[in-house]
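S.K.: let's see this in three dimensions:
(chains A and B)
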There are 2 protein chains.
Amino acid sequence: MSFDRINSAQPEPVTRLVHELSQLPGVGRRTAERLAFHLLKADREDAMRLSKAIADVKTDVRHCGVCWNLTDDDPCAICSDSRRDASMVMVVEQPKDLWNLEQTGMFHGVYHILMGRLSPLEGVGADSLTVNDLLRRISDPTKNAQGVKVTEVILALNPDMEGDSTGLFLADPLQSLGVNVTRLARGLPAGSQIEFANRAALADAIAGRRRMS
Amino acid sequence: MSFDRINSAQPEPVTRLVHELSQLPGVGRRTAERLAFHLLKADREDAMRLSKAIADVKTDVRHCGVCWNLTDDDPCAICSDSRRDASMVMVVEQPKDLWNLEQTGMFHGVYHILMGRLSPLEGVGADSLTVNDLLRRISDPTKNAQGVKVTEVILALNPDMEGDSTGLFLADPLQSLGVNVTRLARGLPAGSQIEFANRAALADAIAGRRRMS
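M.R.: So this is what the prediction gives:
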């Protein structure tokens, strides 16, 4: 046992479950106990589905060898979809970003997951990211989805200081490889109110103003 | 699949894990996604320990045939401990109450878990509880821990309206069986301040005042 038996009246499997649940982010001992009790009371079948879902995710989910998306197939469903335009590569920080961008249904190219962003303060340099794989996809089309040559790289990094630095860091080597490098538009988010917009968003909105057509 | 694939870019095991996590109490979709990501990033070994802890709790934990405590042995460690005085039975609503009472180290008798309390509004009657098992332990010592005859039943129910009604409901049949029926003392909780005590606690404290010795 790597943890204290805090309560000898509690069966060992319950103590162990509370301990394991309390390792989850944002889950303290009280919450862990509440969750454990829920699982104790739950139908056996429901609890086993959760147990299996956790095991399956560790067994069946890995990174796509082309774009680093999380996937149960390699290459992932996006990279291997011949209806998608593999000449356009959208660079995102993490798989969650990809999933959210896909919800828009607006992009029909492929992706590249950096697996983070440059963060000198946290010791995250280019070597901790998948930058070299990205450059290789561009210089060697056989490394890209469906063997297609990349012509445009769209930087879809978070619009904050670290995302911007990462974008600046990438732009140069990408352009040297002869691809067009673009980044997502900035401005006021749809559905927001100017009254409550922050200064940076307003500044982006003014600088990026478009002629009415 | 009994749920919607909301995002076809997300691998099925991830979607399924998010779904199963979001079935937990107090866990919404956002939290479920955060937990799923944590598990995706976690060491395989750590995640598998959680998976196994959930499975084990459903496989190895059952109710004690004597007192209804949750246990991995039957009878439970408390009922089968011959150093405990099985003539005193403390009646609690749920296993969590027992575990908390045990932390005090003050009680050396045995327990009986009602598995709830009377709640006419929620349709919980005596038949949904383990009342009959409790009465049987008293009328037939062979049904009690270590075959000992019960002489005192201590009602350790929550000090609220439903706990009180449940206590009143139990007192009569218990007394008819010839046992002493007591309940936990009420008053000001240790470490509290009179300034902030609620009226009911103050009233209990006054009514239950004790002579200084």
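
S.K.: show me the contacts for residue A:62.
M.R.: Contacts of residue A:62 were listed using CB atoms under 8 Å, 6 or more residues apart in numbering or on different chains, and they are A:70, A:71, A:72, A:74. From N, CA and C alone the C-beta is placed, and that goes for glycine too.

S.K.: cool, and residue A:170?
M.R.: Neighbour list for residue A:170: A:91, A:131, A:134, A:153, A:155, A:181 [criterion: CB under 8 Å, 6+ apart].

S.K.: mind checking which of those residues land in helices?
M.R.: When the contacts of residue A:170 are checked against helices using DSSP state H, the ones located there are A:131, A:134.

S.K.: possible to save the contacts of residue A:170 as a markdown table with distance to chain B, neighbour count and pLDDT?
M.R.: Converted to a markdown table, the contacts of residue A:170 look like this (distance: CB to the nearest CB, whole Å; neighbours: other CB atoms under 10 Å in any protein chain shown; pLDDT from 0 to 100):
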| residue | distance to chain B | neighbour count | pLDDT |
| --- | --- | --- | --- |
| A:91 | 16 | 24 | 95 |
| A:131 | 20 | 21 | 96 |
| A:134 | 19 | 25 | 97 |
| A:153 | 19 | 25 | 94 |
| A:155 | 19 | 21 | 92 |
| A:181 | 23 | 17 | 93 |
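
S.K.: sorry, back to before: just the buried members of the contacts of residue A:62?
M.R.: Neighbour counting by 16 or more other CB atoms under 10 Å in any protein chain shown classes A:70, A:71, A:72 among those as buried.

S.K.: list just the nearest of the residues you listed to chain B.
M.R.: residue A:72 (4.3 Å; CB to the nearest CB).

S.K.: quick check: closest non-adjacent residue to residue A:114.
M.R.: residue A:129 (4.7 Å; CB to CB, 6 or more residues apart in numbering or on different chains).

S.K.: thought that neighbour was touching residue A:119?
M.R.: No - with contact taken as CB atoms under 8 Å, residue A:129 and residue A:119 are classed as non-touching, separated by 9.9 Å.

S.K.: and the two? which has more neighbours close in?
M.R.: Of the pair residue A:129 and residue A:119, residue A:129 is the one with more neighbours under other CB atoms under 10 Å in any protein chain shown, namely 22 against 15.

S.K.: could you chop chain A up by domain?
M.R.: Following the assignment in automatic domain parsing, chain A carries domains at A:12-60, A:82-183.

S.K.: need those in TSV with distance to residue B:51, can you?
M.R.: Output for these, formatted as TSV (distance: least, CB to CB, whole Å):
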stretch	distance to residue B:51
domain A:12-60	4
domain A:82-183	21
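
S.K.: out of those domains, which gets nearest to residue B:13?
M.R.: Closest approach to residue B:13 among the domains of chain A (CB to CB): domain A:12-60, 4.5 Å.

S.K.: tell me the mean pLDDT for the closest one?
M.R.: Confidence over domain A:12-60, taken as the mean pLDDT, stands at 94.

S.K.: check contacts around the residue lying closest to residue A:75 once chain neighbours are set aside.
M.R.: Spatial nearest neighbour of residue A:75, excluding adjacent residues (CB to CB, 6+ apart): residue A:66 at 4.7 Å. Shown in contact with residue A:66 (CB under 8 Å, 6+ apart): A:75, A:76, A:79, A:110, A:137, A:143, A:144, A:145.

S.K.: can you give me the helices in chain A?
M.R.: Assigned by DSSP H, the helices in chain A fall at A:12-21, A:29-41, A:44-60, A:95-103, A:131-139, A:161-176, A:199-207.

S.K.: contacts for the strand ranked longest in chain A, please.
M.R.: The strand that spans the most residues within chain A, counting by DSSP state E, is strand A:85-92. For strand A:85-92, the surrounding residues in contact (CB under 8 Å, 6+ apart) are A:79, A:98, A:101, A:107-114, A:134, A:137-138, A:144-146, A:148-157, A:170.
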